[in-house]
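Q: need the 3D shape of this:
(2 chains)
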Amino acid sequence: MVRVLGNFDVAEEVVQDSLVTALERWPQQGIPDNPGAWLMTTARRRAIDLLRRDRRYVEKVALLERSTLPGDSSETDDRLRLIFTCCHPALAQDAQVALTLRSIAGFTTAEIAAAFLVAEATMAQRIVRAKRKIVAANIPYRVPEGDELPDRLDAVLAVLYLMFNEGYLSRGSEVASRRDLAEDALWLTRLLDRLLPDQAEVLGLEALMKLNIARAAARFDAAGEMVLLPDQDRGLWDGIGIQDGVALLHRAAALNAPGPYQLQAAIAAVHSEASAWEATDWRQIVLLYDALLRMTDSPIVRLNGAIAVSRLAGPEVALGEVNDLAMLLGDYHLWHSTRGELLEQMGEHALARQARLRALELCQNPAERRLLERKLAG
Amino acid sequence: MKYLLLFVGTREDQNRWDGMSKEQYATAMAAAGKWFDEYTHSGKIEGGLQLTGSGVTTVQPQNGSRVVTDGPFIESKEVIGGFAIVNVKDLDEAQAMALAWPGGPVEIWPAVER
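A: Residues are numbered from 1 along each chain as shown, chains lettered A, B, ... in the order given. Below you'll find the predicted structure:
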């Protein structure tokens, strides 16, 4: 196919495409007598279609595939445009993440597939489909301006945040071959800050990532078991990293455009600056959660704020708030484990145990499961 | 680049639309009319129609001949209320038009370029 077409990108694309067609058709229509020839014919037909129908194709694919290196200012603009193209809301969010990792961070398809624990073929297909949509729907290659920018920037930040969480939460899990998505997400956010300076929420997200990474060493003990914030050895925290995160947050605050990432970073900063769990400024944290809820009223944020409420107003008050979320979060393991924690504090050991057992049933992450098992045993 | 903007909705949306009072209908039509006028003036709309949303007939090939049936080809719980053919620079521009549409959901279908 490469020889026939003389263009690797297009060849790769049409072969993928023919395989997709085959996967869709063969189960229904049966496998043709000569599958190889069928694929080749289909691929050639698709290729001619593509080339005739859309001359922009080669150009666009080349653009997406172009490897980029930091530095050079003409490339800076290109990369910023590319980020916005990859994170265009007309693409499915998982495809946005995959395209960004591939085109900006230089991941291979295999690495992205490993990072998200999906089969390489599935990931390849996802990327191919997204690229095809960029071409077919003519998703522009430009930096959004004026009124458009805030929403589009939010979409980019959502992709980076998702990437970070995927990496951060899975740290210490058994998959050793995964690239560190959290570090890559931080790198990409820093890149975005350089390409599009003085955006408060970009700095806010960078601060949030930085502060979390700075405390990462204490999240797992020597045996690889997860350690929650109250029990962490704060001596293992990276003081310089925390200072950097707080400095980023100050830069963000100076821009006077508060947003959810800055508030989450501020919450992380208050925790990071406390010498011990008991010394945490809970009033400040509850205030920050209230501000965050005014901006994004999400049940997850309410749940996260509940522990702070319990420290300030007692576990009974916090449990009341958590119970109110039953309809929304009843299938979420952290809802049950938070209830378990609060009931334990209230001395309701039997009920706490029940809640933790339910959390264990719902929890997939191995490290979190072991943590719940330890709590149930202790 | 050309796109087809499809103004879609559910059967219930259509019933609501059909059950509007004269004034409500006039207000809704005026808003849609204004949208069409503005974009036609700026040269972005090449054509469009408001559809009745009912009385649809489908003609389709079947066993070598063509069969005429009552009803639409798409799921009957969905209705196409109308469409516009637009000629704009890229998806962002088509999206901006869809965002400004005063009615319900809009599907943006890119056209094959020749």
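Q: what sits against A:Ala137?
A: A:Ala90, B:Leu91, B:Ile108, B:Pro110 (C-beta atoms under 8 Å, 6 or more residues apart in numbering or on different chains). No exception for glycine: its C-beta is placed from N, CA and C like everyone else's.
Q: pLDDT weak spots in the chain?
A: Reading this off chain A. A:1-76, A:170-179 (pLDDT under 70).
Q: switch to chain B, that's the one I care about
A: For chain B (pLDDT under 70), the answer is B:76.
Q: count of residues packed around whichever residue of it sits closest to chain A?
A: The nearest approach of chain B to chain A comes at B:Asp90, 4.0 Å away (C-beta to the nearest C-beta). B:Asp90: 16 surrounding residues under other C-beta atoms under 10 Å in any protein chain shown.
Q: so it touches A:Pro140, yeah?
A: Yes: assessed by C-beta atoms under 8 Å, B:Asp90 is found in contact with A:Pro140 at 4.0 Å.
Q: check which helix or strand covers A:Ser337.
A: helix A:333-345 (DSSP states H and E).
Q: pull out the CA atoms of that helix and give them to me as PDB.
A: Provided in PDB are the C-alpha atoms of helix A:333-345 (Å, rounded to 0.1, in the frame of the first residue of the first chain):
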ATOM      1  CA  HIS A 333     -16.700   3.700  46.200                       C
ATOM      2  CA  LEU A 334     -15.300   6.900  47.700                       C
ATOM      3  CA  TRP A 335     -18.800   8.000  48.800                       C
ATOM      4  CA  HIS A 336     -19.000   4.800  50.800                       C
ATOM      5  CA  SER A 337     -15.500   5.000  52.100                       C
ATOM      6  CA  THR A 338     -16.000   8.600  53.200                       C
ATOM      7  CA  ARG A 339     -19.200   7.500  55.100                       C
ATOM      8  CA  GLY A 340     -17.100   4.700  56.600                       C
ATOM      9  CA  GLU A 341     -14.500   7.300  57.800                       C
ATOM     10  CA  LEU A 342     -17.100   9.600  59.300                       C
ATOM     11  CA  LEU A 343     -19.100   6.800  61.000                       C
ATOM     12  CA  GLU A 344     -15.800   5.500  62.500                       C
ATOM     13  CA  GLN A 345     -15.100   9.000  63.900                       C
END
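Q: quick check: what element follows it along the chain?
A: helix A:349-362.
Q: quick check: buried residues in the one helix or strand A:Ala98 maps to?
A: Under DSSP H and E, the secondary-structure element containing A:Ala98 is helix A:93-103. For helix A:93-103, the neighbour count (16 or more other C-beta atoms under 10 Å in any protein chain shown) marks A:Ala95, A:Gln96, A:Val97, A:Ala98, A:Leu99, A:Thr100, A:Leu101, A:Arg102, A:Ser103 as buried.
Q: now render these as CSV, adding distance to B:Ser21.
A: Shown next, in CSV, are those (distance: C-beta to C-beta, whole Å):
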residue, distance to B:Ser21
A:Ala95, 45
A:Gln96, 44
A:Val97, 48
A:Ala98, 50
A:Leu99, 48
A:Thr100, 50
A:Leu101, 54
A:Arg102, 54
A:Ser103, 53
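Q: can you tell me which residues in chain B are near chain A?
A: Residues of chain B lying near chain A by C-beta under 8 Å from any C-beta of the partner chain: B:Met1, B:Lys89, B:Asp90, B:Leu91, B:Asp92, B:Gln95, B:Ile108, B:Pro110, B:Val112, B:Glu113, B:Arg114.
Q: mind running it again at 6 Å?
A: B:Met1, B:Asp90, B:Leu91, B:Asp92, B:Pro110, B:Val112 (C-beta under 6 Å from any C-beta of the partner chain).
Q: same for the helix holding A:Ser337, what does it pack against?
A: helix A:299-313, helix A:315-323, helix A:349-362 (3 or more C-beta pairs under 6 Å, 6 or more residues apart in numbering or on different chains; DSSP states H and E).
Q: keeping just the C-alphas, turn the shortest one into CSV.
A: It refers to helix A:315-323. Output of helix A:315-323 as CSV, limited to C-alpha atoms (Å, rounded to 0.1, in the frame of the first residue of the first chain):
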residue,chain,number,x,y,z
PRO,A,315,-18.5,14.2,61.8
GLU,A,316,-22.3,14.3,62.4
VAL,A,317,-22.7,17.5,60.3
ALA,A,318,-20.4,16.2,57.6
LEU,A,319,-22.2,12.9,57.5
GLY,A,320,-25.5,14.7,57.0
GLU,A,321,-24.0,16.5,53.9
VAL,A,322,-22.6,13.2,52.6
ASN,A,323,-25.9,11.4,53.0
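Q: residues in contact with the helix or strand following it?
A: Where DSSP H and E defines the elements, the next helix or strand beyond helix A:315-323 is helix A:326-329. Residues outside helix A:326-329 that contact it (C-beta atoms under 6 Å, 6 or more residues apart in numbering or on different chains) are A:Pro299, A:Trp335.
Q: pull the longest helix from chain B.
A: helix B:22-41 (DSSP state H).
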